[in-house]
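K.L.:
what follows is a predicted protein model with its sequence.
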There are 2 protein chains.
Amino acid sequence: MGNKIITITRQYGSGGREIGQKLAENLGVDFYDNKLLEIASGDSGIHKSHFEENDEKRSNSFLYLLSTTYGQGGVPFDDTLFFAQLGAIQKIASQQSCVIIGRCADYALRDFEGVVNIFITAPFEVRVKRAIECYGITKKHSEEYVRRIDKQRTSYYNYYTDKRWGMPQNYHLCLDSSALGIDGSVVLLKQFLDDFYK
Amino acid sequence: MGNKIITITRQYGSGGREIGQKLAENLGVDFYDNKLLEIASGDSGIHKSHFEENDEKRSNSFLYLLSTTYGQGGVPFDDTLFFAQLGAIQKIASQQSCVIIGRCADYALRDFEGVVNIFITAPFEVRVKRAIECYGITKKHSEEYVRRIDKQRTSYYNYYTDKRWGMPQNYHLCLDSSALGIDGSVVLLKQFLDDFYK
């Protein structure tokens, strides 16, 4: 039996990260989110702060493009970051079972065996509420903020991969986290994974 | 506890209909697919054969439009059919628990309580194989046929509803039926529904 690799893509404020964390705990495997950036940073020699600025969004400002350093071969800087993360994801997945959140992980591991791709959604108003209550977003800016993060994730994914973010055919399972709640979602996903990997 | 209404939207050849049938059996509720057309036909006075021609596709041929009969108030004929089906779906759902396949049922029941919307997918090559083996589609035309049916369902749904067919935010759960197989999918969906309705 090879590694069990679970990738979780999620709408902002859907609780996808928390679900991923609890699922990893339940399965007894490592969970990769920010930690991924450290590994990528360690391997590529690019300082961690550069990853954090570019985390899952694509710089589309012309001024930014002018001001960033070009890497080897004239590759725009955030492309270098992307490929560094991609390499880190592939390295981890070849070594161990794990849960990976975002970072186009489903795309990075498209040729790997034993990968389960999950997409977590929730209704817009639920996500706005979560943004306010859990992420400290001010009520006034919450709706606009949620839309903006979704848009960033979508354009990042669509730019770097040959797929379209959030289309159900990319995933084995898509789940509205508000249907069963966070814990109920973890239980259902565990059931799915137990059956898939048996 | 109100009615348990499960709507199943599906990509052609994904086994969504078979999953729905087995799920309905498992839950001890009625299953509506073609039967729906009979009810709609019975209520609206429109002969069943007209429904079957128009089942989940929208006539986009100009010649067809010229040749069809306009109903009351100058509504194009297939719009009359759509609204007749919509009414039939709402009538059934207000009377009993059931599983309903396609027919924009999730849209028809958007204001009803206790509705679970499910979307069934499968990889393209799996669906082509199913079309050949289960639906008698010739190998030569199978790929084109599968694409065409999906396109028909998409444009039918997108035309008549204010949503976009197959977007994960329309559904509580989307499932790739090839991940666990037909029977495994039924087991998982039953688990989801048990938890949702408890």
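P.N.:
Done, it's in. Numbers count the residues shown, from 1 in each chain, chains lettered A, B, ... in the order given.
K.L.:
going forward, measure contacts between C-alpha atoms and count neighbours the same way
P.N.:
Noted.
K.L.:
residues of the helix or strand hosting A:Ile100 that come out buried?
P.N.:
Counting by DSSP states H and E, the element that carries A:Ile100 is strand A:98-101. Using 16 or more other Cα atoms under 10 Å in any protein chain shown as the test for burial, strand A:98-101 gives A:Cys98, A:Val99, A:Ile100, A:Ile101.
K.L.:
ok, now stretch A:117-127?
P.N.:
Burial within stretch A:117-127, assessed by neighbour count using 16+ other Cα under 10 Å, is assigned to A:Asn117, A:Ile118, A:Phe119, A:Ile120, A:Thr121, A:Ala122, A:Pro123, A:Phe124, A:Arg127.
K.L.:
could you identify the most distant pair in those?
P.N.:
Greatest spatial distance among those (Cα to Cα): A:Asn117 and A:Phe124, at 22.1 Å.
K.L.:
lowest confidence element among the helices and strands of chain A?
P.N.:
Every helix and strand of chain A was ranked by mean pLDDT, DSSP states H and E. The lowest is helix A:62-67, at a mean of 42.
K.L.:
how near is the residue nearest the centre of chain A to B:Ala131?
P.N.:
Nearest to the geometric centre of chain A sits A:Gly102, at 0.6 Å (Cα atoms, centre = their mean). The gap separating A:Gly102 from B:Ala131 is 34 Å, by Cα to Cα, to the nearest Å.
K.L.:
pLDDT weak spots in chain A?
P.N.:
Judged against pLDDT under 70, the low-scoring parts of chain A cover residues A:1, A:34, A:37-38, A:40-41, A:43-77.
K.L.:
show me where it has strands.
P.N.:
With DSSP state E as the criterion, chain A has strands at A:5-10, A:30-32, A:98-101, A:115-121, A:173-176.
K.L.:
distance to A:Tyr107 for these - can I get that in CSV?
P.N.:
Shown next, in CSV, are the strands of chain A (distance: least, Cα to Cα, whole Å):
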stretch, distance to A:Tyr107
strand A:5-10, 10
strand A:30-32, 16
strand A:98-101, 12
strand A:115-121, 10
strand A:173-176, 15
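K.L.:
tell me which of the ones you listed lies nearest to A:Ile149.
P.N.:
Nearest to A:Ile149, of all the strands of chain A, is strand A:5-10, at 11.0 Å by Cα to Cα.
K.L.:
residues in contact with A:Ile149?
P.N.:
By Cα atoms under 8 Å, 6 or more residues apart in numbering or on different chains, the contact set of A:Ile149 is A:Tyr12.
K.L.:
look up how far B:Ala179 lies from it.
P.N.:
30 Å.
K.L.:
quick one, what contacts A:Cys104?
P.N.:
So A:Cys104 contacts A:Thr9, A:Leu86, A:Tyr157, A:Thr161 (Cα under 8 Å, 6+ apart).
K.L.:
let's go with 10 Å and repeat that
P.N.:
Taking Cα atoms under 10 Å, 6 or more residues apart in numbering or on different chains as the criterion, A:Cys104 is in contact with A:7-9, A:56, A:82, A:85-86, A:89, A:153, A:156-158, A:160-161, A:165.
K.L.:
from these, which single one is nearest chain B?
P.N.:
Closest approach between the contacts of A:Cys104 and chain B, by Cα to the nearest Cα: A:Trp165, at 10.8 Å.
K.L.:
spell out which parts of chain A neighbour chain B.
P.N.:
Chain A has residues A:11, A:116, A:118-124, A:166-181, A:184-185, A:187-189, A:191-193, A:195-197 near chain B, with proximity defined as Cα under 10 Å from any Cα of the partner chain.
K.L.:
of those residues, keep whichever come out buried.
P.N.:
A:11, A:116, A:118-124, A:166, A:168-180, A:184-185, A:187-189, A:192-193.
K.L.:
of those, which belong to helices?
P.N.:
Residues of those located in helices (DSSP state H): A:Phe124, A:Ser177, A:Ser178, A:Ala179, A:Leu180, A:Gly184, A:Ser185, A:Val187, A:Leu188, A:Leu189, A:Phe192, A:Leu193.
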